[in-house]
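Visitor: structure for the following, please:
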Amino acid sequence: MELISKEVKDFLGNSSMIRRMFEAGIELKKQYGADKVYDFSLGNPDLPPPAEVKTAMAEIAAESGEMFSFGYMPNAGGVSCRDALAKLLSKEQNTAFAPSDLIVTCGAAGGINAFFRAVMERGDEVICPSPYFVEYGFYAGNYGGKLVPVATKEDFSLDVAAIEAAITPATRAIILNSPNNPTGKIYSKAELAAVAEVLFAARKKFGRVIYIVADEPYRFLNFDGVEIPCIASLYDATVIIGSFSKSLSLPGERLGYVAVAPTLENKEELMGALTLTNRILGFVNAPIVGQKLIEKCWDCQVDLDIYRRRRNAMAKVLSDAGIEFVMPGGAFYFFPKSPVADERIFIDALLKERVLAVPGRGFGAPGYFRLAFCVSETVINNSAESFKRAMKAIGC
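Guide: Residues are numbered from 1 along each chain as shown. You can find the predicted model right below:
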C-alpha cells in the first residue's frame, strides 16, 4: 500500500546530493575528528550575526509584552518592517521602492513559492540559466510548472541567444540568480538589458507577461565592487527576491521578501495575489521576531572582508592543486571544472581525502563540482594537501 505520492517517491530517490555529502561529513568527523575533515558541501553561513543583531535581540526581549505581542501579523508583513525593507531596497537598488511594493516572506524560498503560486498555471515553463540552484525545479513543479534550463557560456555569463530560443508560448518567467549559486557569477548590465529586450519582444509576440525573478540573497557578497544592476529598472515585470540568511547570517530565522518593480502596470493586483498566496501556502506571516530584527538591523551586514579572504584562500588552494576554475565575483561558492569528465570520480577521490564537495550534475552541469567556502580560513588552508593528493590519485 502506497503511503506517499509517486512524484515525491521519485524525488526521494534522487534526493539532494548536497545533503548527502553534508551527512557523510558528519560521519567522517565522528571517525577522524572535525579538524581533520574539510567540509565544503553546504552553504550554511558559519559567521555569527553582526553585533547589532545581538543588541536588537536584547531590546526585543525587553519590549516583549510591553510594546508588541507575539500574535499573528499582517500576511504581507508588519508596517514598520516593510518601511525598513523599502529603505533597504531603495538604497541597494538605487531605485525608489515603497512599502506597498513589498511583502515579507519566510525566506527567499518562501518568496519564490508565493510568487509562483500567484502567477503560474499548470504547464507553464520557467527558464533558468544553468548551472542553477537545484531547488528551482521543485519550486516550479509545486504548481504544475516545468523548469527549462538553458546553458550559460564557458565563463558562466548569459547566453542571451539561447534564452531567446528557449522561450515558448508557455514561458511564464525566467529566474536570474546573481550573484549566482553555484558559480558566483555576477551578470552585467549589458547582459540583463539584452534579456529584457528579448522578453519585451516575446511579450508582444505571445501576448503574455513573462516575469524576471531576480533571486538575490547573495547580493551583498560582491567581492570586487562591480556593478550589480537593478533589474527592476531595466524591465517592468520584475520581482526581486531576497533574504537575510547570508547578509545577517540568520538562515534559520527564515526571513525574506518579495519586491515588485515600482513601474509594473496594475502591480496592486500582483501584490494582492502575493499577500494571499503567502497565507494560503501555510506561511501566514514571516516570524515576528525576525521582522522586528529587520526593523532594527536593515542597514547592517556581516563582514564582507572575511568572505573575501576566504575566497582568495580557496583560489590559492585550487590553483596550487592544478584545478581549473573561474574566479567567483560573488556569493560564497567555487564551481571548478572536474579534472575528469565524470566529476563523481573526482568527488570520490576527494572524499577519500576527507574533502566534501558536491557533484555539478546536481546543479545541471556534469563535469563540474561545487565548493562552499563559508568555512574558516584554517579549514580552507588545511585542505590544500588533500586536494593535491586527490588529484594525484586520479592521475592528474
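
Visitor: what packs against whichever strand or helix holds residue 344?
Guide: Using DSSP states H and E, residue 344 sits within helix 343-352. Here helix 343-352 touches strand 358-359, strand 369-372, helix 384-393, going by 3 or more Cβ pairs under 8 Å, 6 or more residues apart in numbering; DSSP states H and E. Where C-beta positions appear, they are placed from N, C-alpha and C, glycine not excepted.

Visitor: between these, which one is nearest to residue 172?
Guide: strand 369-372 (27.8 Å; Cβ to Cβ).

Visitor: okay, that closest one in CSV with CA atoms only?
Guide: This file holds the C-alpha atoms of strand 369-372, laid out as CSV (Å, rounded to 0.1, in the frame of the first residue of the first chain):
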residue,chain,number,x,y,z
PHE,A,369,31.7,20.4,-8.8
ARG,A,370,30.8,22.9,-6.1
LEU,A,371,32.7,24.1,-3.1
ALA,A,372,31.1,26.3,-0.4
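
Visitor: list the buried ones in the next helix or strand after it?
Guide: Scanning forward in sequence from strand 369-372 by DSSP H and E, the next helix or strand is helix 377-382. Neighbour-count burial for helix 377-382 flags 379, 380 (criterion: 16 or more other Cβ atoms under 10 Å).

Visitor: hmm, back to that, export the helices and strands packed on helix 343-352 to JSON lines and tack on mean pLDDT and distance to residue 187?
Guide: Below are the helices and strands packed on helix 343-352 laid out as JSON lines (pLDDT from 0 to 100; distance: least, Cβ to Cβ, whole Å):
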{"stretch": "strand 358-359", "mean pLDDT": "94", "distance to residue 187": "23"}
{"stretch": "strand 369-372", "mean pLDDT": "96", "distance to residue 187": "19"}
{"stretch": "helix 384-393", "mean pLDDT": "97", "distance to residue 187": "29"}
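
Visitor: in CSV: these, plus mean neighbour count and distance to residue 165.
Guide: Listed next are the helices and strands packed on helix 343-352 as CSV, based on neighbours: other Cβ atoms under 10 Å; distance: least, Cβ to Cβ, whole Å:
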stretch, mean neighbour count, distance to residue 165
strand 358-359, 26, 27
strand 369-372, 27, 27
helix 384-393, 18, 38
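
Visitor: assign residue 104 to helix, strand or coil.
Guide: strand (DSSP: H, G, I helix; E, B strand; the rest coil).

Visitor: could you pull up phi and psi at the closest residue to it other than its chain neighbours?
Guide: Closest residue in space to residue 104, ignoring its immediate chain neighbours: residue 77 at 2.9 Å, by Cβ to Cβ, 6 or more residues apart in numbering. When read as degrees, to the nearest 10, the backbone of residue 77 gives phi 110, psi 160.

Visitor: shouldn't residue 77 be in contact with residue 102?
Guide: Yes: assessed by Cβ atoms under 8 Å, residue 77 is found in contact with residue 102 at 7.2 Å.

Visitor: just the endpoints, please. Distance across stretch 147-166?
Guide: Its first and final residues considered, stretch 147-166 spans 11 Å by Cα to Cα, to the nearest Å.

Visitor: what comes up buried for it?
Guide: 147-150, 152, 156-160, 163-164, 166.

Visitor: how about those in JSON lines, adding secondary structure?
Guide: Listed next are those as JSON lines, based on three-state DSSP:
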{"residue": "147", "secondary structure": "strand"}
{"residue": "148", "secondary structure": "strand"}
{"residue": "149", "secondary structure": "strand"}
{"residue": "150", "secondary structure": "strand"}
{"residue": "152", "secondary structure": "coil"}
{"residue": "156", "secondary structure": "coil"}
{"residue": "157", "secondary structure": "coil"}
{"residue": "158", "secondary structure": "coil"}
{"residue": "159", "secondary structure": "coil"}
{"residue": "160", "secondary structure": "helix"}
{"residue": "163", "secondary structure": "helix"}
{"residue": "164", "secondary structure": "helix"}
{"residue": "166", "secondary structure": "helix"}
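
Visitor: show me which of those is closest to residue 354.
Guide: residue 156 (28.5 Å).

Visitor: sweet, I'm off.
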